[in-house]
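K.L.:
Structure for the following, please:
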Amino acid sequence: MKTSNIILVVLGIFTAIFIAAMAVIFCVKDAVPDTLIQYTLGAGGAEALLLAGIKISKVVSGGEEKTL
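P.N.:
From the prediction side, this is the model:
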């Protein structure tokens, strides 16, 4: 398995667990930690965007077959 695929799987699992934990916190405390959610999901989005940029640059440069 490629490193980028492993990173995406770990990122997806972390995001799912994080969203479930935030739902539990909301149900128990009736409050949402907005700043924590914003920065955590924003960092995950930035990571996915950077991985996409790396993949696109490899395809454009011809270093990898087009398997998008």
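K.L.:
where's the residue positioned nearest the centre of the chain relative to residue 59, distance?
P.N.:
In the chain, the C-alpha nearest the mean C-alpha coordinate belongs to residue 44, at 3.7 Å (C-alpha atoms, centre = their mean). Look at residue 44 and residue 59: by C-beta to C-beta, to the nearest Å, they are 23 Å apart. Where C-beta positions appear, they are placed from N, C-alpha and C, glycine not excepted.
K.L.:
where does this structure have low pLDDT?
P.N.:
Judged by pLDDT under 70, the chain has its weakly predicted residues at 1, 64-68.
K.L.:
residue ranges for the helices of it, please.
P.N.:
Taking DSSP state H as the criterion, the chain carries its helices at 3-29, 34-61.
K.L.:
Now do the shortest one against helix 34-61, angle only.
P.N.:
Which is helix 3-29. With axes from the mean of the first three to the mean of the last three C-alpha atoms, to 10 degrees as the basis, helix 3-29 and helix 34-61 are set at 160 degrees to each other.
K.L.:
Now for residue 52: which residues touch it?
P.N.:
Residue 52 makes contact with no residue, according to C-beta atoms under 8 Å, 6 or more residues apart in numbering.
K.L.:
hmm, I was thinking of residue 8
P.N.:
Contacts of residue 8 by C-beta under 8 Å, 6+ apart are 48, 51.
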